[in-house]
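In: When you get a sec, could you give me coordinates for this:
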Amino acid sequence: MPILLIDKTKVATKLQVAIGYSDSEFNTFINEAQEFDFKQLVQENFYFDLLAKKAEDPYKKLIEGGDYTYNERDYYFQGIATVLSY
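Out: Predicted coordinates:
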């Protein structure tokens, strides 16, 4: 069983989800988005660290999004969950 960074419920908070798909069918789409789209965007070691440590900070924040300060300037990012949802 693949490790998923998001689930159908999380996607539903971002956009309208078709009700005709079961959770397991929808998980197939999520897994494909992770493996075929997202994994290619990031370095492979980081990707597998993210899967293994998704419940730990700072990985959880990377997935969920949030605020941070860099060079005395505040930033907000929507998180990997948003990227995977689309």
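
In: where along the protein do the helices fall?
Out: Using DSSP state H, the helices of the chain run over 8-14, 23-32, 39-41, 44-52, 59-64, 80-85.

In: For M1, which of those helices is the nearest?
Out: helix 23-32 (8.8 Å; CB to CB). The way it works is simple: take the backbone N, C-alpha and C, and place the C-beta from them, glycine included.

In: tell me what the closest one is packed against?
Out: Under the contact criterion of 3 or more CB pairs under 8 Å, 6 or more residues apart in numbering; DSSP states H and E, helix 23-32 touches helix 8-14.

In: Now do the helix it packs on: which elements does it pack against?
Out: By 3+ CB pairs under 8 Å, 6+ apart, helix 8-14 packs against helix 23-32, helix 80-85.

In: so where's the protein shaky on pLDDT?
Out: Of all residues in the chain, none has pLDDT under 70.

In: so of the helices and strands packed on helix 8-14, which one's packed in deepest?
Out: Most buried of the helices and strands packed on helix 8-14 by mean neighbour count (mean count of other CB atoms under 10 Å) is helix 80-85; its value is a mean of 19.

In: L62 and D49: what is the separation?
Out: Per CB to CB, to the nearest Å, L62 is found 10 Å from D49.

In: more crowded one of the two?
Out: L62 (18 against 14; other CB atoms under 10 Å).

In: Need the nearest residue in space to the more buried one, chain neighbours excluded.
Out: Excluding its sequence neighbours, the residue lying closest to L62 (CB to CB, 6 or more residues apart in numbering) is I80, at 5.8 Å.

In: Residue most distant from the centroid, this structure?
Out: In the chain, the residue that sits farthest from the middle, by CA atoms, centre = their mean, is E72; the gap is 27.3 Å.

In: Next up, the contacts around the residue nearest to D67 when sequence neighbours are not counted.
Out: Distances taken as CB to CB, 6+ apart place Y76 nearest to D67, at 5.2 Å, with adjacent residues excluded. By CB atoms under 8 Å, 6 or more residues apart in numbering, the contact list for Y76 reads G65, G66, D67.
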